[in-house]
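**Student:** Kindly generate the corresponding structure for this input.
(one chain, ligands or ions: 1)
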Amino acid sequence: MLMQDKNDKKKIAVRMVKFVIAISGKRKSGKDYCTNKLIKAFEKIQLPVSAVGISHSLKEEYAKIHNLNFGELLTDGPYKEQFRKDMIRWGEEVRNKDPSVFCRAALLSVDDSDIVIVSDCRRMTDFEFFVSNYKTLTVRVETIEDHRQQRGFRFVKGIDDAESECGLDDYKFDVVLKNITGENIDSRIEKIVEKVIYEINKL
Ligand SMILES: Nc1ncnc2c1ncn2[C@@H]1O[C@H](COP(=O)(O)OP(=O)(O)OP(=O)(O)O)[C@@H](O)[C@H]1O
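**Tutor:** Residues are numbered from 1 along each chain as shown. Next up, the predicted model:
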């Protein structure tokens, strides 16, 4: 289990990955959308890349510990809704003891990819973990407020003003990726790919 052998897992995680693209952004800014674009761009030039999610690993651990259906927890249906509050509470409790626990777990799901995209960094401790353990490019996905709303965003007190949503607002990101609906972002994605290749070649 994650909590029992965390030191072993930390060692393994640090050994496996060559480069991390750490993506953050507000809800519905388009983190997943841009992650998929990046994956395709790397695949096009046959560079092995994996994408992982920190919240995905939290849900996986929560499901294991509570003997729940992990697949159902990943959906937005009523099953997840039953456990949502407790899952958040549990996640906070675990993170308070060990802030990078879910970051490490996320990287453990990677086989042997040189490049890993972490699609949902939300907290300063997430960035601190990746930046201090791996060669990392920090990316902020930004869009226009109206576009977030068109994509389904509605402000929720307690979520959109919480640390998990605002903790990285003042971070100095390596790249700010503008993801405006209707604009072709392919050249911005290619610039990131070029930056990553340049950094990897320096290793
Ligand atoms: N540039 C774009 N053009 C068209 N649709 C977009 C664009 N960016 C995002 N979307 C759409 O907006 C919705 C939200 O995007 P996405 O899931 O990538 O956001 P997110 O930041 O990962 O959201 P969350 O934080 O809620 O997980 C999706 O349906 C996605 O396909």
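
**Student:** And the helix or strand residue 56 falls within, how far out from the chain middle?
**Tutor:** Per DSSP states H and E, residue 56 falls inside helix 54-66. Distance of helix 54-66 from its chain centroid, counting by C-alpha atoms, centre = their mean, to the nearest Å, is 14 Å.

**Student:** Show me what it is packed against.
**Tutor:** helix 70-73, helix 78-97, helix 101-108, strand 115-121 (3 or more C-beta pairs under 8 Å, 6 or more residues apart in numbering; DSSP states H and E). No exception for glycine: its C-beta is placed from N, CA and C like everyone else's.

**Student:** who touches that helix?
**Tutor:** Helix 54-66 has contacts (C-beta atoms under 8 Å, 6 or more residues apart in numbering) with 1-2, 68-70, 73-74, 83, 87, 90-91, 94, 102-103, 105-106, 108-109, 118, 120-122, 126.

**Student:** Now list the buried members of the residues you listed.
**Tutor:** Buried by 16 or more other C-beta atoms under 10 Å: 2, 68, 73-74, 83, 87, 90-91, 94, 102-103, 105-106, 118, 120-122, 126, out of the contacts of helix 54-66.

**Student:** List the buried residues for the helix holding residue 56?
**Tutor:** Neighbour-count burial for helix 54-66 [16+ other C-beta under 10 Å]: 54-63.

**Student:** and which of the residues you listed is nearest the ligand?
**Tutor:** residue 55 (8.3 Å; C-beta to the nearest ligand atom).

**Student:** near the ligand, which residues of the chain show up?
**Tutor:** Within the chain, the positions near the ligand by C-beta under 6 Å from any ligand atom are 25, 27-33, 151, 179, 181.

**Student:** Cross the residues you listed against strands and list the overlap.
**Tutor:** residue 25 (DSSP state E).

**Student:** Restricted to buried residues, select the residues of the chain next to the ligand in ChimeraX.
**Tutor:** Here is the ChimeraX command that selects only those of the residues of the chain next to the ligand that count as buried (16+ other C-beta under 10 Å):
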select :25,27,28,29,30,31,32,33,179
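
**Student:** now, which of the residues of the chain next to the ligand lie within helices?
**Tutor:** Secondary structure from DSSP state H places 31-33 of the residues of the chain next to the ligand in helices.

**Student:** ok now do the nearest residue to residue 109 once chain neighbours are set aside, which residues does it touch?
**Tutor:** Leaving out its chain neighbours, the residue that sits closest to residue 109 by C-beta to C-beta, 6 or more residues apart in numbering is residue 52, at 5.6 Å. With contact taken as C-beta under 8 Å, 6+ apart, residue 52 is in contact with 106-107, 109-110, 116-119.

**Student:** what residues are up against the residue most central in space within the chain?
**Tutor:** Nearest to the mean C-alpha position of the chain, counting by C-alpha atoms, centre = their mean, stands residue 120 at 2.4 Å. Going by C-beta under 8 Å, 6+ apart, residue 120 touches 23-24, 31, 53-56.

**Student:** How about residue 25?
**Tutor:** 31, 34, 140-143, 179.

**Student:** so what pLDDT did it get?
**Tutor:** At residue 25, the model reports a pLDDT of 98.
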